[in-house]
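> here is a sequence together with a model predicted from it:
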Amino acid sequence: MVSFQSKWLYLLIFLGIQLLVMALLSLGGYQERVTYFIRIFRKPEAPGLSNRNHSVANITGGDVYANLSHSPKPHSHGDAMPYCPKTSPLIGGPIHVSFPSGLTLADVQSKNTLVLRGGRYRPPDCKARHRTAIIIPYRHRELHLKFLLYNMHPFLQRQQLNYGIYVIHQAGDYTFNRAKLMNVGFREAMKEEDWDCLFFHDVDLIPEDDRNTYICDSNPKHAAIAMDKFGYKLPYKMYFGGVSALTPLHYHKINGFPNNYWGWGGEDDDIGVRVSLAGMFISRPSSKVGRYKMIKHKRDKGNDVNPKRFNMLAKTRQTWKRDGMNTVDYEVISRMYLPLYTNITVNIGTEAGLHPNPPKPPPPAKAAEKPAAGAPAKGSTKLKENHSEK
Ligand code: BGN
């Protein structure tokens, strides 16, 4: 018969073994498996908030801010700083993209304390291997911009990049021109820093996997290969829309982007054609990694479908060398170094030029005030000089 004392002994031994097993399991990623199960059973976020609060049922990724809370103390940016590793140890793979309701820009700012004025960042503890500028053509999309910044800053920080975010804001109400705004963004960003890669990024696309590294390839890269709105598939082989990445050299080789696509559609196809006309290829990440969630929205006012796009696209071969970076004209209205991005507001004019409705000439002057014969009318030449920023 087992005595009362030895019963206690067995119980203690049993509990001891259990403790040991648990300790071993926790070393072997037990925690990860528990989190995985918790995630399966977790209640999805509140429905009915559609654009504001998407919950991503089919993605079991981590929080995009997760790995950053462990960031070591900032180094001074002296010579002694080592290069960052080739693959960032902060990369976590799939991201649980979220659009928290009630989010403010101040919240985004307080979650990104290492981001400097103008939306610039350098890794605090190593020298970045890559300098990437993000160019976002923009008008009237405050909510989208806020969600993009919320997701984009930690995404880029996890990749240990030296980066800057530029929002190129089209002034006025004339039809939107995405590609011309990108040309402006390229020129203005390159004035500030010797970026080695430029990401041309729609404001409503959020990357869902941080292995989709925001660095350039040897050929122009189309990063948005798998978007949720296309069922995470490429809609057609030559598709070059959403998010693309070019080095300054690639950009010059294709003479930049076209300036004359006003309204929705075709400009991205034109850029894709330019890439092949300049003798390059389109490179892409794998569709597992190049995943994007699009923030749903209706077509914007001032961005109607461009009916001329088919004709224009048919002529790219003839037009690409005479329309692009070599002819872009614009006027910077303001440049603001905001806490999370650089905001450049720009007049890009209309199809009829930068100042399509020049001020009417003054009424005919009285005989005594008339300029001498042959002298130019007041103001006319001066105005012309101001027009172009080439
Ligand atoms: C294409 C558009 C692209 C757009 C994609 C995805 C045109 C030109 C037709 C010859 N191209 O059809 O601009 O990004 O759809 O929406 O409309």
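Cool, got the structure.
> secondary structure element for the residue in the stretch 1-150 of the chain that the ligand sits nearest to?
Nearest residue of the stretch 1-150 of the chain to the ligand (CB to the nearest ligand atom) works out as Pro137 at 13.2 Å. Bear in mind the C-beta positions are built from the backbone N, C-alpha and C, glycine included. Pro137 is part of strand 131-138 when elements are defined by DSSP states H and E.
> correct me, but Asn260 touches Trp320?
No: using CB atoms under 8 Å, Asn260 makes no contact with Trp320, being 11.2 Å away.
> neighbour count winner among these two?
Higher neighbour count among Asn260 and Trp320: Trp320, with 20 against 17, using other CB atoms under 10 Å.
> show me what contacts that one?
Contacts for Trp320 (CB atoms under 8 Å, 6 or more residues apart in numbering) come out as 254-255, 258, 270, 273-274, 277.
> again, only this time at 6 Å
Listed by CB atoms under 6 Å, 6 or more residues apart in numbering, the contact partners of Trp320 are 255, 274, 277.
> kindly report the same for Val64.
With contact taken as CB under 6 Å, 6+ apart, Val64 is in contact with 95, 151, 154-155.
> ok, and the most crowded of the residues you listed?
When neighbours are taken as other CB under 10 Å, the top entry among these is Ile95 (27 neighbours).
> would you confirm that it contacts Tyr65?
No: here Ile95 does not reach Tyr65: they are 9.8 Å apart, not a contact under CB atoms under 6 Å.
> so what's the residue count around Leu234?
Neighbour tally, Leu234, other CB under 10 Å: 16.
> need the contact list for it.
Ile225.
> go with 8 Å
Contacts of Leu234 (CB under 8 Å, 6+ apart): 225-226, 287.
> among the residues you listed, which ones are in strands?
Per DSSP state E, strands hold the following members of those: Ala226.
> of the contacts of Leu234, grab the buried ones for ChimeraX.
Restricted to buried positions by 16 or more other CB atoms under 10 Å, the ChimeraX selection for those reads:
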select :225,226
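> surely Phe147 is in a strand?
No: judged by DSSP: H, G, I helix; E, B strand; the rest coil, Phe147 forms no part of a strand; its state is helix.
> from Lys296, how far out is it?
12 Å (CB to CB, to the nearest Å).
> and Arg139, by the same measure?
From Arg139 to Lys296 the distance is 18 Å (CB to CB).
> sorry, back to before: check the contacts of Val64 and tell me the two furthest apart.
Maximum pairwise distance in the contacts of Val64, criterion CB to CB, is 8.9 Å, between Ile95 and Pro154.
> residues making contact with stretch 308-315?
258, 260-261, 263, 265-267, 269-270, 273, 306, 319.
> spell out which residues of this structure are next to the ligand.
Residues of the chain lying close to the ligand by CB under 6 Å from any ligand atom are 235, 241, 265-266, 268-269, 309-310, 313.
> buried only: go through the residues you listed for me.
For these, a burial check counting by 16+ other CB under 10 Å picks out 241, 265-266, 268-269, 309, 313.
> ok, the residues of the chain next to the ligand vs Leu11, which is closest?
Out of those, the member with the shortest distance to Leu11 (by CB to CB) is Pro235, at 64.5 Å.
> residue ranges for the strands of the chain, please.
Using DSSP E, strands in the chain cover 120-121, 131-138, 162-170, 197-201, 205-207, 221-222, 226-227, 243-246, 291-294, 331-337, 342-347.
> adding mean pLDDT and distance to Met190 as columns, could you present these in CSV?
Shown next, in CSV, are those (pLDDT from 0 to 100; distance: least, CB to CB, whole Å):
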stretch, mean pLDDT, distance to Met190
strand 120-121, 98, 15
strand 131-138, 98, 8
strand 162-170, 98, 10
strand 197-201, 98, 8
strand 205-207, 98, 23
strand 221-222, 98, 18
strand 226-227, 98, 28
strand 243-246, 98, 12
strand 291-294, 97, 26
strand 331-337, 98, 14
strand 342-347, 98, 13
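> next, count neighbours for Ser88.
21.
> ugh, wrong one, Phe240
Other residues near Phe240 come to 22 when the count uses other CB under 10 Å.
> one more: Cys84?
That count, for Cys84 with other CB under 10 Å as the rule, works out to 21.
> surely it meets Pro124?
No: contact between Cys84 and Pro124 fails when scored by CB under 8 Å: they sit 10.6 Å apart.
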